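K.L.:
Provided below are the primary sequence and the corresponding predicted coordinates.
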Amino acid sequence: MTGMERVPMGPPWSVDLIADLHAGVLPPEVAAQLRPRVEADPEANEILRALDATLEDLQALPPLPMPDHVAARIDAALAAEARPAAPVVSLAEARKRRNRRLGLGGAGVLVAAAAAFGIVMAVSPGGQQAKTPPAAQETPKTSTNTAAPPLALKRDELGSAVGDVLKAQNFGPLETPDRLAGCLKGGGITSSGNPLGISPITLDGKDAVMAILPAGLGQYRLVVLDPKTCGPDKPEGVLADTTIKPR
């Protein structure tokens with residue numbers, strides 16, 4: 001409503017109108033004129049007192065905690081949002097990369113065409129059979145290990161690795177989720193489902209595995225395990241256990 005607001009006539013007034021007055025959602029000029037009239041009417045004033053009592057009862061209730069499974073789903077969604085998206089590549093760039101992988105870029109196209117032409121000439125009817133050279137021996141290729149080394153962390157630097165570990169689902173020497181669950185159980189740590197992120201690291205120079213677990217809304221539980229000693233009955237296998245709230 002704009003301009004001069006009409007004050008609803010009454011009594012009687014509807015319960016919805018009295019509730020709006022009680023909640024303070026009516027325009028100020030309407031509420032200023034309506035409240036004295038409502039409070040002077042016994043029936044309407046009784047509704048106001050009932051709304052006051054209901055509000056007091058609600059304010060006295062203890063805060064309701066968020067269910068763990070809901071908090072875990074929210075944490076998982078936030079973690080997924082924090083992971084960097086795959087870069088967008090143009091169609092032309094994708095074609096260039098494909099050609100490079102196939103060896104057809106530039107001179108490679110000419111070589112492939114010449115080879116195809118030579119094959120046609122060799123098998124064409126009436127033509128002389130060309131002597132084909134013996135197949136060249138393939139030069140053995142030595143595979144190079146391009147895997148990045150594990151993150152090297154100190155005990156007070158675990159929070160700095162959250163972004164990198166959230167991007168990974170690498171169980172490393174623990175190998176399976178079941179082995180991880182057993183190690184967590186040994187440390188008295190309960191967790192439902194897969195971790196938000198897991199990756200091999202070194203902690204103060206010692207080989208370890210770091211897992212990030214949900215710990216309530218907006219919080220992460222960082223657990224570092226020794227894969228050589230952790231297990232269902234081995235609490236000493238938990239090297240670190242801390243909860244953080246990322247900024």
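P.N.:
Arrived safely, thanks for sending.
K.L.:
for Ala168, give its distance to Gly218.
P.N.:
Relative to Gly218, Ala168 is positioned 21 Å away (Cβ to Cβ, to the nearest Å). Glycine gets a C-beta too; all of them are placed from N, C-alpha and C.
K.L.:
ok, those two, which is more surrounded?
P.N.:
Set Ala168 next to Gly218 and count neighbours by other Cβ atoms under 10 Å: Ala168 wins out with 17 against 12.
K.L.:
do you know how far the more buried one is from Gln59?
P.N.:
Taken as Cβ to Cβ, the span from Ala168 to Gln59 is 45 Å.
K.L.:
before we move on, what about Asp241?
P.N.:
37 Å.
K.L.:
got it, and Gly218?
P.N.:
To Gln59, Gly218 is 25 Å away according to Cβ to Cβ.
K.L.:
what helix or strand does Leu184 sit in?
P.N.:
Using DSSP states H and E, Leu184 sits in helix 177-186.
K.L.:
low-confidence regions, this structure specifically.
P.N.:
1-5, 83-92, 94-95, 98-147, 192-193, 247 (pLDDT under 70).
K.L.:
Met210: which element?
P.N.:
strand 206-214.
K.L.:
so how far is Val224 from Val162?
P.N.:
12 Å.
K.L.:
again but with Val209, I slipped
P.N.:
Distance from Val209 to Val224, by Cβ to Cβ: 7 Å.
K.L.:
that older thread, Val162 and Val224: who's more crowded?
P.N.:
Val224 (23 against 19).
K.L.:
quick one: secondary structure of the more buried one?
P.N.:
Of the three states, Val224 takes strand under DSSP: H, G, I helix; E, B strand; the rest coil.
K.L.:
show the contacting residues for Lys206.
P.N.:
Asp226, Leu239 (Cβ atoms under 8 Å, 6 or more residues apart in numbering).
K.L.:
now do the strands in this structure.
P.N.:
151-153, 197-203, 206-214, 220-225, 238-244 (DSSP state E).
K.L.:
buried set for the first one?
P.N.:
Residues Leu151, Leu153 are the ones in strand 151-153 that count as buried (16 or more other Cβ atoms under 10 Å).
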